[in-house]
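> coords please:
(chains A and B)
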2 protein chains.
Amino acid sequence: MKATAIANANIALVKYWGKRNKELILPFNSSISMTCDGLHTKTTVDFSGSYGKDTVLINDEELKKDEKNIMAHIERIRQMAGITDKAKIISESNFPVAAGLASSASGLAALTLAASKAAGLNLNEKELTILSRLGSGSASRSIPEGFVEWHHGEKEDGSDSFAESIASKSHWPEFRMLACIVSEARKPVGSRAGMAQTVDNCPYYEGWLKTVNDDIAAVKKGIAERNFTLVGSTAEKNTLKMHALMMTTTPAIIYWIPQTLEIMHSVMLWREEGLESYFTIDGGPQVKVICLQKDEKEILSRLSSLDCVIRAINCPPGGGAQLSNSHLF
Amino acid sequence: MKATAIANANIALVKYWGKRNKELILPFNSSISMTCDGLHTKTTVDFSGSYGKDTVLINDEELKKDEKNIMAHIERIRQMAGITDKAKIISESNFPVAAGLASSASGLAALTLAASKAAGLNLNEKELTILSRLGSGSASRSIPEGFVEWHHGEKEDGSDSFAESIASKSHWPEFRMLACIVSEARKPVGSRAGMAQTVDNCPYYEGWLKTVNDDIAAVKKGIAERNFTLVGSTAEKNTLKMHALMMTTTPAIIYWIPQTLEIMHSVMLWREEGLESYFTIDGGPQVKVICLQKDEKEILSRLSSLDCVIRAINCPPGGGAQLSNSHLF
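Below is the predicted model of the structure:
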């Protein structure tokens, strides 16, 4: 009744923004991501201690804000397994939490795998992605390896809204995400509230839904053919489309800070100079620079010469979530 | 055959972005602006010197880039007047040119008034706005005083696409635009090329057109009632909608620089703290902060404490374009 799992964060190349069903976390559009070697969360769940209440420690802190979501997820897993034991949960990420580096994705994926195992469930990968999705939509993409598609699905019960690997991590080992940390502050607006407001009032959401399938098709083709220009340029365009949704939502959600924009302009300039790279940005100020292995040294050196970059983490395509025998307690 | 005119720049509260007719510069949507006291261009046009060719001096420089447009405009006015004399044109603005402070608006408006007068035409205000529009769309709004609406019009010949004052400068003298200069560099992409690409390929342009009339109605109501919150919040939302169009156009047009975003976030923070102000941004990095006279001192002081603001120009509602007897040469 105790298990530990490790899951990598994932960075979307085609973003997820907006739910057609808030309770089951069913998205309006499919999304594609890369599971990132180098940005991981390790989580140990123990139901065996006869604990008086559930406790959650994330990076040595009891985080009130995330607790509600995590507690609901633990309760969901307990009910599936038919147990009532309270849990002790300890979770550690090797990167800043809640600042737009997909910490909720790796966190909820690791929690789902560890808790379901500790509760006695033996779920296959597809089932794990669906269960992770119920905790945090993008967590579904942190279960499979390499390049991953999360299908929006059509069914009302969500049974066809799962994630699967569309290319293994060894399909394109030269692909890189350089995750640049420009701020370690927690983001002011969580993604969940923001995307509900977008669906509710953003005048451009219809335009997003009309064109996102083209982005999905282009990125899938690009990954299959290892066409870096196609994947990179589509991912950059898609990220601008998502942030344009955010900033035209009422109230406006502007995740970018000056440092974000400095990196964006730098990447566009480097590209004009012939150093091919692209940017992608999630619900936070951090910028992920997309490049190929042959250019990573040069780009990391240029990034480190920008004052605004606190740290850049070099992520190749990574493996899927897995169990570990080395528990955190 | 020599005349001098002064025209103020105008800053749009509801933006103009996209032409339904490129030759006649007919816009898809109506726009509303404030003519800005404090940002002006003075232009002298002389057809009487038997010059061998047209010469244009803008702020003491022969500007190749703008010449084509200006030369075509001079030729248009010559043809209307039935003259063939070459012109000497000297133009001076009291603010940086081509960096997103509406220099083409005040410049083409002053040129239109001075050149039409020097060529012997006596046009009324409506005719001047239509003629200015042919030189640069937003220049039409720099002819009338105070708060101005440029009607998109319906007719193919453009005869109903003119600008007119919807409120005089004395209707709301407490209204302020604080034009913050954060960079004096010329902008990398001119508005004209950018908006053609948006119409051509931006997935959100339909959403813009569907909602811009609501912004027009809200700002007109707000001006009529001197409802600052309504005007300011609608203008800020509208500017975010326009920049979202720009950045989702292919190739992406990102006029914001880190300093732009720093002021945007500052204004939003001040507002949360109870100091009511809003931002608007045109095709360039500068930010115009919208406030009321009662708060201008406090906001100017806060702006000057931001490292990124080179200079802030305080603009109340200004008068329309007018002739002057003091020539530049």
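
> residues in the stretch 201-329 of chain A within reach of chain B, list them.
In this structure, the stretch 201-329 of chain A approaches chain B at residues A:203-208, A:210-211, A:236-237, A:240-241, A:243-245, A:247-248, A:250, A:252, A:254, A:256-262, A:264-265, A:268, judged by Cβ under 8 Å from any Cβ of the partner chain. Using the backbone N, CA and C atoms, a C-beta is placed for each residue, glycine as well.

> And A:G153, what's its pLDDT?
Taken from the predicted model, the pLDDT recorded for A:G153 is 98.

> still on that earlier bit, mind giving me the PyMOL select for the residues of the stretch 201-329 of chain A next to chain B, buried ones only?
Selecting the buried subset of these in PyMOL, with 16 or more other Cβ atoms under 10 Å in any protein chain shown as the burial test, is done by:
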select buried, chain A and resi 203+204+205+207+208+211+236+237+240+241+243+244+245+247+248+252+254+256+257+258+259+260+261+262+264+265+268
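
> Would you mind giving me the confidence score for A:E67?
Model confidence at A:E67, expressed as pLDDT, equals 69.

> go on, the one 5 residues further on?
Model confidence at A:A72, expressed as pLDDT, equals 94.

> Return the residues in contact with it.
For A:A72, the contacting residues are A:G135, taking Cβ atoms under 8 Å, 6 or more residues apart in numbering or on different chains as the criterion.

> Now do the residue in the stretch 101-250 of chain A positioned nearest to chain B against A:R311, distance only.
In the stretch 101-250 of chain A, the residue that lies nearest chain B is A:A244 (3.5 Å; Cβ to the nearest Cβ). From A:A244 over to A:R311 the distance is 28 Å, taken as Cβ to Cβ, to the nearest Å.

> before we move on, back to that, double-check the residue of the stretch 101-250 of chain A closest to chain B against B:T248; I have them as touching.
Yes: the criterion here is Cβ atoms under 8 Å, and A:A244 meets it with B:T248 at 4.9 Å.

> any residues in contact with both of these two?
Taking Cβ under 8 Å, 6+ apart as the contact rule, the neighbours common to A:A244 and B:T248 are A:204, B:204.

> ok, and the closest non-adjacent residue to the residue located most distally from the centre of chain A?
Relative to the C-alpha centroid of chain A, counting by Cα atoms, centre = their mean, A:S50 is the outermost residue, at 32.9 Å. Spatial nearest neighbour of A:S50, excluding adjacent residues (Cβ to Cβ, 6 or more residues apart in numbering or on different chains): A:D85 at 7.3 Å.

> ditto for A:S233
If the residues on either side of it in the chain are set aside, A:S233 comes closest to A:Y278, at 6.4 Å by Cβ to Cβ, 6+ apart.

> For the one you found, which residues count as its bridge partners?
As for beta bridges, A:Y278 partners with A:I290 under DSSP bridges.

> can you tell me which residues contact it?
Taking Cβ under 8 Å, 6+ apart, one finds A:232-233, A:235-236, A:267, A:271, A:289-291 in contact with A:Y278.

> Mind giving me the PyMOL command for buried ones among those?
Per 16+ other Cβ under 10 Å, the buried members of the contacts of A:Y278 correspond to this PyMOL selection:
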select buried, chain A and resi 232+233+235+236+267+271+289+290+291
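
> Show me how far stretch A:162-173 is from its chain's centre.
For stretch A:162-173, the distance from its own C-alpha centre to the chain's C-alpha centre is 15 Å (Cα atoms, centre = their mean, to the nearest Å).

> that older thread, in contact with the residue nearest to A:S50, which residues?
Under the criterion of Cβ under 8 Å, 6+ apart, the contact partners of A:D85 comprise A:1, A:47-48, A:50-51, A:78.

> Weed out the non-buried ones from those.
The neighbour-count test (16+ other Cβ under 10 Å) marks A:47, A:78 as buried among the contacts of A:D85.

> what's the most distant pair in the contacts of A:D85?
The distance between the two most remote of the contacts of A:D85 (Cβ to Cβ) is 14.5 Å, for A:S50 and A:R78.

> Please name the nearest non-neighbouring residue to the residue of the stretch 101-250 of chain A closest to chain B.
The shortest distance from A:A244 to any residue other than its chain neighbours is 3.5 Å, reached at B:A244 (Cβ to Cβ, 6+ apart).

> A:N10 too?
Ranked by Cβ to Cβ, 6+ apart and with sequence neighbours excluded, the top spatial neighbour of A:N10 is A:S33, at 4.0 Å.

> Kindly confirm my reading that the one you found is in a strand.
Yes: residue state for A:S33 (DSSP: H, G, I helix; E, B strand; the rest coil) corresponds to a strand.

> The helix or strand hosting A:A193 - contacts with which helices or strands?
Under the criterion DSSP states H and E, the helix or strand holding A:A193 is helix A:191-201. Using 3 or more Cβ pairs under 8 Å, 6 or more residues apart in numbering or on different chains; DSSP states H and E as the contact test, the elements touching helix A:191-201 are strand A:19-21, helix A:228-247.

> So what does A:V14 have for phi and psi?
A:V14 has phi and psi values of phi -120, psi 120 when expressed as degrees, to the nearest 10.

> actually A:R176, sorry about that
With angles defined as degrees, to the nearest 10, A:R176 shows backbone torsions of phi -130, psi 140.

> so what's it up against?
The contact partners of A:R176, taken as Cβ under 8 Å, 6+ apart, are A:290-293, A:296, A:314-316.

> what two of these are the furthest from one another?
Taking Cβ to Cβ, the two most distant members of those are A:L292 and A:C315; they sit 13.1 Å apart.

> between those two, who's got more neighbours?
A:C315 (22 against 16; other Cβ atoms under 10 Å in any protein chain shown).

> what's the closest non-adjacent residue to that one?
Once flanking residues are discounted, A:C315 sits nearest to A:C36: 3.9 Å by Cβ to Cβ, 6+ apart.

> who does the helix or strand the one you found falls within touch, helix- and strand-wise?
Per DSSP H and E: A:C36 is located in strand A:31-46. Here strand A:31-46 touches strand A:2-14, strand A:88-93, helix A:103-118, strand A:147-150, strand A:175-181, helix A:205-225, strand A:311-315, going by 3+ Cβ pairs under 8 Å, 6+ apart.

> Relative to B:P285, which of the ones you listed is closest?
Distances from B:P285 to each of those were compared using Cβ to Cβ; the minimum, 22.0 Å, belongs to strand A:175-181.

> Tell me what angle that closest one forms with helix A:228-247.
30 degrees (axes from the mean of the first three to the mean of the last three Cα atoms, to 10 degrees).

> Specify the angle between strand A:175-181 and strand A:2-14 in degrees.
Per the same axes, to 10 degrees, the angle that strand A:175-181 makes with strand A:2-14 is 100 degrees.

> Dihedrals phi and psi, the closest residue to A:V199 other than its chain neighbours?
Taking Cβ to Cβ, 6+ apart as the measure, A:V199 lies nearest to A:G18, with 4.6 Å between them; neighbours along the chain are not counted. When read as degrees, to the nearest 10, the backbone of A:G18 gives phi 120, psi 130.

> low pLDDT regions in the stretch 51-200 of chain A?
For the stretch 51-200 of chain A, applying pLDDT under 70 flags the ranges A:62-67, A:96-102, A:186-189.

> was I right about A:W17 contacting A:T198?
Yes: counting by Cβ under 8 Å, A:W17 touches A:T198, with 6.4 Å between them.
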